[in-house]
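[1] need the 3D shape of this:
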Amino acid sequence: MRLTREEESMLAGKSGWPVQKSMEILVQLGEIYGAEKMIKVSNVHMPGSSVVVAGEAGTKFVEKMAGLGGKFCALTTLNPGAVNFDAWQETGYPEKTYQLQRRLTDAYQTMGAVPCHTCTPYLIGNCPRRGEHIAWGESSAIAFANSVLVLLR
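    Sure thing, here's the model as predicted:
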């Protein structure tokens, strides 16, 4: 995969460990999928924002990224979490699950994510502009992006 000088610099760690680790992951994914180069993404909808997906290990990784100064460089909204923060006890979630979800959400928020916890980011005002490259995960967000947004290209 061809990298720009700036991307090579980030991969070499010149922008800090969180950026380097992110670039390592992105380059590996690019190689797996046969990407020729990277493109600028300006809008992300994060599907891995639930502790059901991330677990303890994923939460610790996100906390490490945030603790070392990691920041999102694109608008990033969060998919639903595992618990309703306002009614976790009433809905029967264990405190351990609540605390783990709180930690994960706080770490993402520290890095600049919008903790909207919705599977429909387009209904809360996150509607990309024509020509933007997006990275959205979650079934309804993907369907919206691949149908409605494609028509607006």
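
[2] okay, CA-based contacts and neighbour counts for the rest of this
    Will do.

[3] where does the chain have low pLDDT?
    Scanning the chain for pLDDT under 70 picks out the ranges 153.

[4] ranges for the strands of the chain?
    Defined through DSSP state E, the strands belonging to the chain, from first to last, are 43-46, 75-78, 134-136.

[5] so what's the gap between the shortest one and the chain middle?
    The gap between where strand 134-136 is centred and where its chain is centred comes out at 9 Å by Cα atoms, centre = their mean, to the nearest Å.

[6] same for that strand, what does it pack against?
    For strand 134-136, the contact count by 3 or more Cα pairs under 8 Å, 6 or more residues apart in numbering; DSSP states H and E identifies strand 43-46 as packing neighbours.

[7] tell me which strands the strand it packs on pairs with, and in which orientation.
    Note on strand 43-46: by DSSP bridges, its sheet partners are strand 75-78 (parallel), strand 134-136 (parallel).

[8] most packed of these?
    Mean neighbour count, computed with mean count of other Cα atoms under 10 Å, is highest for strand 75-78 among the strands paired with strand 43-46, reaching a mean of 23.

[9] send the alpha carbons of that strand over as PDB?
    Extracted as PDB, the C-alpha positions of strand 75-78 are listed here (Å, rounded to 0.1, in the frame of the first residue of the first chain):
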ATOM      1  CA  LEU A  75     -16.300  13.600  13.500                       C
ATOM      2  CA  THR A  76     -17.000  10.400  15.400                       C
ATOM      3  CA  THR A  77     -20.400   9.300  16.800                       C
ATOM      4  CA  LEU A  78     -21.000   6.300  18.900                       C
END
